[in-house]
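Engineer: here is a sequence with its predicted model. Questions after.
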Amino acid sequence: MSDVSSPVLSLVDVRKSYNIGSPNEVEILHGINLTVQERDFSALVGPSGSGKSTLLNIIGLLDQPTSGELYILGQPTREMEDEARTALRGNTIGFVFQFHHLIQAFTSLENVLMPLMIKGGKPKPEFIERAKNLLGEVGLGSHLNKKPDELSGGQQQRVAIARALITRPALLLADEPTGNLDTKTAAEIFTLFRKFNQQFGCAVLLVTHDARLSTTCDRTITLVDGQTVEA
């Protein structure tokens, strides 16, 4: 069991290269050192091509660094077997994307329950209650049985946020979560992230191009040419 005082996330000299051993080998991340503590609310910004997506995939345990180490709640992950990596990702990390990736044939409630159903089959009554409560928290308590095509873009993103939080993750990764939303809806979504950051203590790492959002985060991490600069 990891030390309760361990950071939620810690990257130590993380590097990522592609086409290793070939003439066109290229290193995208050049020794990233980054720590995220419980209740941190951080923005990750940087120009296109700076390595944000590569870094987010590594943090989300969807890809592995070429060298260096990534710790989640004190656990080193680089040498983990795929099964252990998948379990750790499912238990500790929630994802919200620019495109909500809801299952069109499922209701809002079923979409929110999906991460638990993948792990354990038919959800327990207390999980169903948790999902209903989360949908109520995001303002969709009366939309439990609606399918995605019956919801607006902002409402679909709210379902995606509830789905990301159903496992009570230690870390919430949000990749351009307001990119397809109007200014008012984007502000409402950002407020929800803040609410759950404070309510559940989950650390939030928000990738955004929107300077209005990043400047209201507690911390801004800028990625430039594969290296981080903190503001």
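Structural biologist: Now that the structure is in, tell me what you want to look at. This is a predicted model, so every value here is computed, not measured. Numbering: from 1, shown residues only.
Engineer: average pLDDT across the longest helix out of those in the chain?
Structural biologist: Identified as the longest helix of the chain according to DSSP state H is helix 183-200. On average, the pLDDT along helix 183-200 is 84.
Engineer: who's in contact with it?
Structural biologist: 39, 41, 137-138, 153-154, 157-158, 161, 165, 168, 172, 174, 177-178, 181, 202-204, 206, 210, 213, 216 (Cβ atoms under 8 Å, 6 or more residues apart in numbering). For the C-beta atoms, the positions are set from N, CA and C on the backbone; glycine is no exception.
Engineer: partner strands of whatever helix or strand comes next after that helix, with direction?
Structural biologist: As assigned by DSSP states H and E, the chain's next helix or strand after helix 183-200 is strand 203-207. Note on strand 203-207: by DSSP bridges, its sheet partners are strand 41-45 (parallel), strand 171-175 (parallel).
Engineer: next, the angle from strand 203-207 to helix 183-200.
Structural biologist: Calculated by axes from the mean of the first three to the mean of the last three Cα atoms, to 10 degrees, strand 203-207 forms an angle of 160 degrees with helix 183-200.
Engineer: begin at 593 from now on, thanks
Structural biologist: Done: numbering now begins at 593, and the last item shifts to strand 795-799.
Engineer: got a quick PyMOL command for the buried subset of the contacts of helix 775-792?
Structural biologist: The PyMOL command for the buried members of these (criterion: 16 or more other Cβ atoms under 10 Å) is given here:
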select buried, resi 633+729+730+746+749+750+753+757+764+766+769+770+773+794+795+796+798+802+805
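Engineer: what is the neighbour count of the nearest residue to Thr646 once chain neighbours are set aside?
Structural biologist: Distance criterion Cβ to Cβ, 6 or more residues apart in numbering; nearest residue to Thr646, sequence neighbours excluded, is Ile620 at 4.9 Å. Residues near Ile620, counting by other Cβ atoms under 10 Å, number 18.
Engineer: am I right that Ile620 is in a strand?
Structural biologist: Yes. Counting by DSSP: H, G, I helix; E, B strand; the rest coil, Ile620 is part of a strand.
Engineer: Glu729 reaches Ala754, doesn't it?
Structural biologist: Yes. Using Cβ atoms under 8 Å, Glu729 makes contact with Ala754 at a distance of 7.4 Å.
Engineer: not counting sequence-adjacent ones, nearest residue to Leu805?
Structural biologist: Going by Cβ to Cβ, 6+ apart, Leu805 has Phe782 as its nearest residue, at 5.6 Å.
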